[in-house]
Every structure is written in structure tokens, then in C-alpha cells.
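# Here's my sequence, what's the structure:
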Amino acid sequence: MKKLFLISFFGLLFSNTSIAQEEISVVVKDSVISKPTQINPLSPAKAAFYSAVLPGLGQAYNKKYWKIPLVYGGLASSLYFYGWNNKKYHEFRDEYKARLDGTSKQGDHPIYGSLSNDGLLRGQKYHQRNRDLSALITAGIYILNIIDANVDAHLLQFNVNDNLSIKPELYQNEIDYQYKTGIKLTYNF
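Presented below is the predicted three-dimensional model:
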């Protein structure tokens, strides 16, 4: 009986260890599925071209719709001031020319009659300078619109994820328990 007990005991012991020798593989799947992003190198040029053809179209191409009213507001206001200064410039110039021709005398015009010839020249130069400045501002806003669309399209391709980050950090010193500030640069592979 003792022999039978020992044989069955060792038989069970070795049979269990042979089962334990089987390899079990565990595959861990990441819960965050990252989509491979396609980078279009022509996207910035396309956005700049669209903005050059029609101001604001590059911003719409980049899906930054909130910038479109800013572009049109800037262009509309600078074009309005260009037109207004141009109208005033021509009014001062026409009155000055009429006085030089002798068709108008000082005091005849209801608006500019009280001004001297020197005052008409100063008003003409003032509105001419502001008209030219408004034209430069209009051109500047148009160029800035194109540059903004190009830079924004470049920044859409910029990799911003948790693998590369710079974060300000506030930590407590273990010696004196005072809070310290710092910047932490993290790059994960």
C-alpha cells in the first residue's frame, strides 16, 4: 500500500510539472489606437494660393473659420478709409485748382470757403498722406492674410502629442517644504 501511495504521489507530482512547462503567451494590446497621419507637403502652398486668389479662402482651407471675419473686417475698413481720404483729397485739390483758375474765390465754397490757399494745400497733403497710408495698410493686411494661411497650414502638420511636451511644474522641496517652479521637458520613444 505504501508503494502504491508513493507511485501515485510521484506520478501526480511529475504530471503537474509537465503541464506547467507549457508556455503561455500574453499579448497586451494598447487601448489607444493611433491613426497614422498623412502629411501633405503641398498643403501650405495650397493654403497660401487660396488666400492669394480670394482672401480668407486659405483660412477656410485650414478650417480656421473664425479668422475670416478678421480678414474681411481689416480689408473693408482700410478700403473704406482709402476711399474717404481719396474723396477728401480730390475735394481739397479741386477747390485749390478752382481758386488758381479764378473760377472760385475765397469764401464762395460753402465748406472750404473759409480756408486760405495754404490751408487747402495742407488739407490736400494730409488726405493724400492718409490715402497712401490706407493703401499700404490694405496691401499689408492682404499679405498678412496669405502669410497667416501658410504658417497655419505648416503648424497643422506639427506633431503635438504626449510624447513631446514641455510642461511647467510646481513641486515641493522635501527639505524645507517650499514650493519650487520649473520646466519639465519630456520625450518618450
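# Residue 131: neighbouring residues, count only.
19 (other Cβ atoms under 10 Å). For the C-beta atoms, the positions are set from N, CA and C on the backbone; glycine is no exception.
# What of residue 72?
Neighbours of residue 72 (other Cβ under 10 Å): 14.
# Which helix or strand contains the residue nearest the centre of the chain?
Nearest residue to the geometric centre of the chain (Cα atoms, centre = their mean): residue 152, 4.7 Å. Assigned by DSSP states H and E, residue 152 belongs to helix 117-156.
# what's that helix packed up against?
helix 43-53, helix 57-61, helix 68-101 (3 or more Cβ pairs under 8 Å, 6 or more residues apart in numbering; DSSP states H and E).
# Check the offset of that helix from the chain's centre.
22 Å (Cα atoms, centre = their mean, to the nearest Å).
# switch to numbering from 53
All right, first residue 53 from here; so that's helix 169-208.
# which of the residues in that helix are buried?
Buried positions in helix 169-208, judged by neighbour count with 16 or more other Cβ atoms under 10 Å: 172, 175-176, 179-180, 182-183, 186-187, 189-190, 193-194, 197-198, 200-202, 204-205.
# The residue nearest to the centre of the chain touches residue 114, doesn't it?
Yes. Residue 204 is in contact with residue 114 according to Cβ atoms under 8 Å; the separation is 4.7 Å.
# Quick check: neighbours shared by those two?
Listed contacts common to residue 204 and residue 114 are residue 99; contacts here mean Cβ atoms under 8 Å, 6 or more residues apart in numbering.
# Any stretches of the chain with poor pLDDT?
Within the chain, the stretches with pLDDT under 70 are 53-58, 60-89, 93-94, 211-218, 236-241.
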